[in-house]
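Engineer: no sequence on hand, only this structure:
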């Protein structure tokens, strides 16, 4: 059953040095606050997993906490490249970064296989791409029933999945809505699950299109209003488009990036004391 903790307590208890960590959320509900707490606590050697690594992983990579990235697309949405990601891959700064690339569909199938307790999933894809030659977790196999050649992708079972949602009740049941991605599958595939939420309410009201994660599927819930900023939480906040534009400039320069992390992430803990 999910335990309700502070963000600091939840990150310290659930995320450990060397873990494989998935932080999912598509366009909105991206768990920035949780990622910033990981940076403050200096939890490193991480294998980061995300279908669409964007600014949240640019920050973790630039902080030197990632040793590997498993992903299907990377960029600053609507703006351009992730400069800390590129610097790590191209120049090994602040540390070399191993990459494992998949398609969007392949990542979704990998999470689904993990959530289903299966060793791998299958899909029609990858043929005609270079991923077959350089991604060890994808292989072409023959269907035992039809003989058709399909792609098999190894299941993803993160040590920890972190997501952001709109609401949890006091028993630890969580509901998210709006534009959703693979949060449910990523949560069910993981050994431990941390959900940050905009608010804790007495009772969850059923919503059309809402995704409910029962308390027994989660490990901890932390109430973190604004925990998705600069992305947004439908019904609670709007996307900070100016931030994404400004990040392109901030992240291009190592010294400016480091100063930004120190001022807006690391020092935030000290200011709150």
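Structural biologist: Ah, there it is. A quick note: this is a predicted structure, and the numbers were derived from the prediction, not measured. Numbers count the residues shown, from 1 in each chain.
Engineer: where does the stretch 151-273 of the chain have low pLDDT?
Structural biologist: Along the stretch 151-273 of the chain, segments meeting pLDDT under 70 span 268-273.
Engineer: how about the strands in it?
Structural biologist: Assigned by DSSP state E, counting those that start in this stretch, the stretch 151-273 of the chain shows strands spanning 160-169, 174-176, 192-201, 211-213, 220-223.
Engineer: and those, which is most packed in?
Structural biologist: Across the strands of the stretch 151-273 of the chain, averaging neighbours per residue (mean count of other Cβ atoms under 10 Å) puts strand 160-169 on top, at a mean of 27. From N, CA and C alone the C-beta is placed, and that goes for glycine too.
Engineer: counting contacts, what elements does that one pack onto?
Structural biologist: Counting contacts by 3 or more Cβ pairs under 8 Å, 6 or more residues apart in numbering; DSSP states H and E, strand 160-169 packs against strand 20-23, helix 32-41, strand 174-176, helix 183-189, strand 192-201.
Engineer: including distance to residue 221, could those go into CSV?
Structural biologist: Formatted as CSV, these follow (distance: least, Cβ to Cβ, whole Å):
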stretch, distance to residue 221
strand 20-23, 16
helix 32-41, 12
strand 174-176, 6
helix 183-189, 12
strand 192-201, 5
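Engineer: quick one on the thing from earlier: as JSON lines, the strands of the stretch 151-273 of the chain with distance to residue 108 would be great.
Structural biologist: What follows is these, written out as JSON lines (distance: least, Cβ to Cβ, whole Å):
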{"stretch": "strand 160-169", "distance to residue 108": "14"}
{"stretch": "strand 174-176", "distance to residue 108": "17"}
{"stretch": "strand 192-201", "distance to residue 108": "18"}
{"stretch": "strand 211-213", "distance to residue 108": "15"}
{"stretch": "strand 220-223", "distance to residue 108": "25"}
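Engineer: of the ones you listed, which approaches residue 8 most closely?
Structural biologist: Closest approach to residue 8 among the strands of the stretch 151-273 of the chain is made by strand 220-223 (8.6 Å; Cβ to Cβ).
Engineer: longest single helix anywhere in this structure?
Structural biologist: Longest helix of the chain, by residue count under DSSP state H: helix 104-116.
Engineer: quick one, that helix and strand 160-169 angle?
Structural biologist: With axes from the mean of the first three to the mean of the last three Cα atoms, to 10 degrees defining the directions, helix 104-116 sits at 70 degrees from strand 160-169.
Engineer: helices or strands up against helix 104-116?
Structural biologist: strand 120-123, strand 149-154, helix 183-189.
Engineer: highest average neighbour count across these?
Structural biologist: The stretch of these with the highest mean neighbour count (mean count of other Cβ under 10 Å) is helix 183-189, at a mean of 24.
Engineer: other residues contacting the longest helix of the chain?
Structural biologist: Helix 104-116 has contacts (Cβ atoms under 8 Å, 6 or more residues apart in numbering) with 22, 51-52, 70-73, 102, 119-123, 125-126, 137-138, 151, 153-158, 182, 184-190.
Engineer: repeat that for 6 Å
Structural biologist: For helix 104-116, contacts defined as Cβ atoms under 6 Å, 6 or more residues apart in numbering pick out 51, 72, 120-121, 123, 125, 153, 155-157, 182, 185-186, 188-189.
Engineer: rewinding a little: for residue 239, find the nearest of the helices and strands packed on strand 160-169.
Structural biologist: Closest to residue 239 of those, according to Cβ to Cβ: helix 32-41, at 11.8 Å.
Engineer: what strands line up against whichever helix or strand comes after the closest one, and which way round?
Structural biologist: Using DSSP states H and E, the helix or strand that follows helix 32-41 towards the C-terminus is strand 46-50. According to DSSP bridges, strand 46-50 has the following sheet partners: strand 20-23 (parallel), strand 66-71 (parallel).
Engineer: any idea which of these is most buried?
Structural biologist: Ranked by mean neighbour count, those are led by strand 20-23 with a mean of 25 (mean count of other Cβ under 10 Å).
Engineer: that older thread, mind listing what's buried in the longest helix of the chain?
Structural biologist: 105, 106, 107, 108, 109, 110, 111, 112, 113, 114, 115 (16 or more other Cβ atoms under 10 Å).
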